[in-house]
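Q: With the input below, show me the fold.
(2 chains)
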Amino acid sequence: MNGKAGGYTIENTIPIPDGQVVRKKLHFFWLADCSDSMRGKKIATLNQAIREAVPEVQKAVAAYPQVEIVMRAIRFSDTAEWHIGPEPVPIEQFVWPELETAGLTSTAKAIQLLTGELSIERMPRRGLPPVCILISDGYCTDPHEEYENALTELSKIPWGVKAVRLAIAIGDESDYNEAELLRFVNQEQVGLLKAHSPEELVTYIKWASVSASVASSRGRSRDAKSMGDVSNVSLESPPTMITSNTDLF
Amino acid sequence: MANQDEFLCASNTGLGWAFGTSRTGASHRKNGHPSEDAFALWSGSAGAVPCITVAVADGHGDPRHDQSRIGAALAVQSAVEELVSFHRMHLHDSQKNIIRSEFRADFPRRVSRRWREFVTDDAIRREMVVAGSEETVSGIFTRYGSTLIAASVIADTILVGQIGDGDLILVRPDGTIECPIPGDTSLMGSETRSLSSRDAHLLWRTATLDREDGGVLIAATDGVSDSFDGSEGPEFRKFIQSLVTRIGQYGVENVAEAMSGWLDRYSELASGDDMTLVFVLIRPRESINGTQDTVSPEKSSPPLGGSDPCH
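A: Alright, predicted model coming up:
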């Protein structure tokens, strides 16, 4: 086993075996409320915060060169539709188009659209846990049973359970249904992120997207038996915010 | 047992050659962490019956499995010792079905038990637990969590077993790929089955194959298939078939020599994970008149595109 032949290493003379190598894909979903109640400062802050968060996610995940983040976005008002998608877009090419406001708050339909994309047929079993961030300022206007069914369906599929699911509530607590949004979240120690002000919304959008992406990117193997039926990753607690009374939504 | 980043080989003139390479993953190298993979090769004979045994283990990377590097090393040691012991016990069993049923019934229980004994001894020796403290000892296994793939070529039978992720593939001389242990479809993301589970002996999947015309048996940790499109992906299949073709074209030793560079490249460009790959070039079974088939595995090149029953 000399490894040398005529001054050249044998290794160099053997072509590397065939087969295309690929980086691990991390699927990232934004679910953004663009109902009429989001108009003005809320939607403007959301648009800006997501634009600012994307390069920060990219920078944070650069420490994991084996990971390729692909993003999609679902917008929901009277109904739910793709804002960016259904084809996932590599984060390097991800551009957030201005989100306009109108109509009601079809949160259930947004979750149904997400569930369809997280199915085993569309998402490889051995990939990294997807990241799903729901941002809303109000009560779901779909029938209650529809919302319950949407969450039940999401929690039935493996990636619905194992994904990192976070939610950010915007505005005053009396304007949204905390229990409803909290049911989307599967990170107990994080809970519902409550943004009372534009500053908090920007902070939470950046923190949630960066923390979830980094945690998912680690992808460290674990004994399935010791994990139970919970998300593959767990996040640290979110930053503590001191709300300023001068600039509330 | 091999140290990390070493290239080892074992051989038996009647059965074939085994090679193994283990490389620290790009992510671990970057952070200065050691590899959590391990492999072991053994060849020898008892009662004039030859045997080649290989084992590959992948320690879990999660922080709760903080001793998994040692757990993986103890896993391959357990596997080799149990398979060699199994070989000695069944030397005189002429009936294949007895060997197969004994392997299926006994090996998972014996290897899981031996691993737990090794772990307990290690934990006591390193003062991580107090000897005799049943409760404390039972909690230590999680910290050593590891997967394990083990295979043995004995006479005209190939015995294989696996707990957790990773790949075990036999490529026959005609290019046919056999996956004796199908993937576990109940696992998601980075979940895996583990030797550290209380019911580990029930989580093993085993199979036996006929040696027949031999072939190339490949065992690898999941870092390798994750660098392509996963165990069942067409790109990983291309890699496997192409690797076997390279062995035929360039010879086992040269391919084994090149392997570490290839694995480093895959880890760098793709999975980032530790990578361990062992392959056994199994010679054809002896014919009835005592001669062997004339095909030299080192010179033969299995055709690409053979049937693939793994899909």
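Q: and the most centrally placed residue in chain A, bridged to which residues?
A: Centrality entry for chain A: nearest residue to the mean C-alpha point is A:Cys132, 2.7 Å, by CA atoms, centre = their mean. On the basis of DSSP bridges, A:Cys132 is bridged to A:Phe29, A:Arg165.
Q: Report the contact partners of it.
A: By CB atoms under 8 Å, 6 or more residues apart in numbering or on different chains, A:Cys132 lies in contact with A:28-29, A:31, A:114, A:163-166. Every C-beta, even on glycine, is put in place using the N, C-alpha and C of the backbone.
Q: Let's see that with 10 Å instead.
A: A:27-31, A:72, A:74, A:111, A:114, A:117-118, A:154, A:159-160, A:163-167, A:184-186, A:212 (CB atoms under 10 Å, 6 or more residues apart in numbering or on different chains).
Q: any idea how far B:Pro50 is from it?
A: Relative to B:Pro50, A:Cys132 is positioned 55 Å away (CB to CB, to the nearest Å).
Q: Remind me which helix or strand A:Gln58 belongs to.
A: helix A:41-61 (DSSP states H and E).
Q: I should have written B:Pro284 there, sorry.
A: Secondary structure (DSSP H and E) places B:Pro284 outside all helices and strands.
Q: Next, work out how far apart it and A:Pro129 are.
A: Taking CB to CB, one finds B:Pro284 at 46 Å from A:Pro129.
Q: burial of residue 116, as a residue count?
A: Going with chain A. A total of 13 residues lie near A:Gly116 under the criterion other CB atoms under 10 Å in any protein chain shown.
Q: I was thinking of chain B, sorry if that wasn't clear
A: 22.
Q: Equivalent analysis for A:Ile168, please.
A: By other CB under 10 Å, 26 other residues sit near A:Ile168.
Q: Same question for the one 4 residues further on.
A: A count of neighbours around A:Asp172, defined by other CB under 10 Å, yields 12.
Q: how close does it sit to B:Leu195?
A: On the measure of CB to CB, A:Asp172 and B:Leu195 end up 53 Å apart.
Q: quick one: terminal-to-terminal distance for stretch A:98-106?
A: 19 Å (CA to CA, to the nearest Å).
Q: Mean confidence (pLDDT) on that stretch, please.
A: Per-residue pLDDT values over stretch A:98-106 give a mean of 96.
Q: Now find how far off-centre that stretch is within its chain.
A: 19 Å (CA atoms, centre = their mean, to the nearest Å).
Q: got the buried residues for it?
A: A:99, A:101, A:104-106 (16 or more other CB atoms under 10 Å in any protein chain shown).
Q: Also stretch B:173-186?
A: Within stretch B:173-186, the residues scored as buried using 16+ other CB under 10 Å are B:173, B:175, B:177-181, B:183-184.
Q: what does stretch A:174-190 give?
A: By neighbour count with 16+ other CB under 10 Å, stretch A:174-190 contains the buried residues A:176-177, A:180-181, A:183-187, A:190.
Q: likewise stretch B:211-230?
A: B:211, B:214-230.
Q: do the helix or strand where A:Trp207 lies and chain B meet?
A: Using DSSP H and E, A:Trp207 sits in helix A:198-218. Yes - using CB under 10 Å from any CB of the partner chain, helix A:198-218 reaches chain B at A:216-218.
Q: Remind me what that helix packs against, helices and strands.
A: Applying 3 or more CB pairs under 10 Å, 6 or more residues apart in numbering or on different chains; DSSP states H and E, one finds that helix A:198-218 makes contact with strand A:24-33, helix A:41-61, strand A:67-76, strand A:131-136, strand A:164-170, strand A:193-195.
Q: Run through the chain and note the low-pLDDT ranges.
A: Unless you meant another one, I'm taking chain A. A:1-12, A:225-232, A:243-245 (pLDDT under 70).
Q: My question was about chain B, not that one.
A: Applying pLDDT under 70 to chain B flags the ranges B:1-6, B:94, B:132-138, B:287-311.
Q: Please repeat the previous calculation with a cut-off of 50.
A: Regions of chain B meeting the criterion pLDDT under 50 cover residues B:1-5, B:288-309, B:311.
Q: In it, where's the longest helix?
A: When chain B is parsed with DSSP state H, its longest helix is helix B:96-125.
Q: quick revisit: out of B:Pro284 and A:Pro129, which sits in the more crowded spot?
A: A:Pro129 (25 against 18).
Q: which residues does that one contact?
A: A:Pro129 neighbours (CB under 10 Å, 6+ apart): A:26-27, A:159, A:161-165, A:212, A:215-219, A:231-233, B:188-190.
Q: so where do the helices sit in chain B?
A: Using DSSP H, the helices of chain B run over B:26-31, B:68-89, B:96-125, B:134-140, B:200-203, B:222-226, B:234-250, B:252-269.
Q: Pick the most deeply packed of those.
A: Mean neighbours per residue, mean count of other CB atoms under 10 Å in any protein chain shown, is largest over the helices of chain B for helix B:222-226, with a mean of 28.
Q: residues near A:Ile50, how many?
A: A total of 22 residues lie near A:Ile50 under the criterion other CB under 10 Å.
Q: surely it meets A:Ala32?
A: Yes - the pair A:Ile50 / A:Ala32 is scored as a contact, 7.6 Å apart, by CB atoms under 10 Å.
Q: Find residues that contact each of these two.
A: Residues touching both A:Ile50 and A:Ala32 (CB under 10 Å, 6+ apart): A:73, A:96, A:99, A:133, A:135, A:205.
Q: of those, closest to B:Met89?
A: A:Ile133 (57.3 Å; CB to CB).
Q: OK, contacts around that closest one?
A: A:Ile133 makes contacts with A:28-32, A:50, A:53, A:73, A:164-168, A:184, A:193, A:204-205, A:208-209, A:212, as judged by CB under 10 Å, 6+ apart.
Q: Among the residues of helix A:198-218 next to chain B, which one has the most neighbours?
A: Comparing these by number of neighbours (other CB under 10 Å), A:Ser216 comes first, having 30 neighbours.
Q: Adding distance to chain A, write the buried residues of stretch B:173-186 out as a markdown table.
A: Compiled in a markdown table, those are given as follows (distance: CB to the nearest CB, whole Å):
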| residue | distance to chain A |
| --- | --- |
| B:Pro173 | 18 |
| B:Gly175 | 13 |
| B:Ile177 | 13 |
| B:Glu178 | 19 |
| B:Cys179 | 15 |
| B:Pro180 | 20 |
| B:Ile181 | 16 |
| B:Gly183 | 8 |
| B:Asp184 | 9 |
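Q: Just put these in a markdown table and tack on distance to A:Gln20.
A: Formatted as a markdown table, the buried residues of stretch B:173-186 follow (distance: CB to CB, whole Å):
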| residue | distance to A:Gln20 |
| --- | --- |
| B:Pro173 | 26 |
| B:Gly175 | 20 |
| B:Ile177 | 18 |
| B:Glu178 | 23 |
| B:Cys179 | 20 |
| B:Pro180 | 26 |
| B:Ile181 | 25 |
| B:Gly183 | 20 |
| B:Asp184 | 25 |
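Q: Sounds good, over and out.
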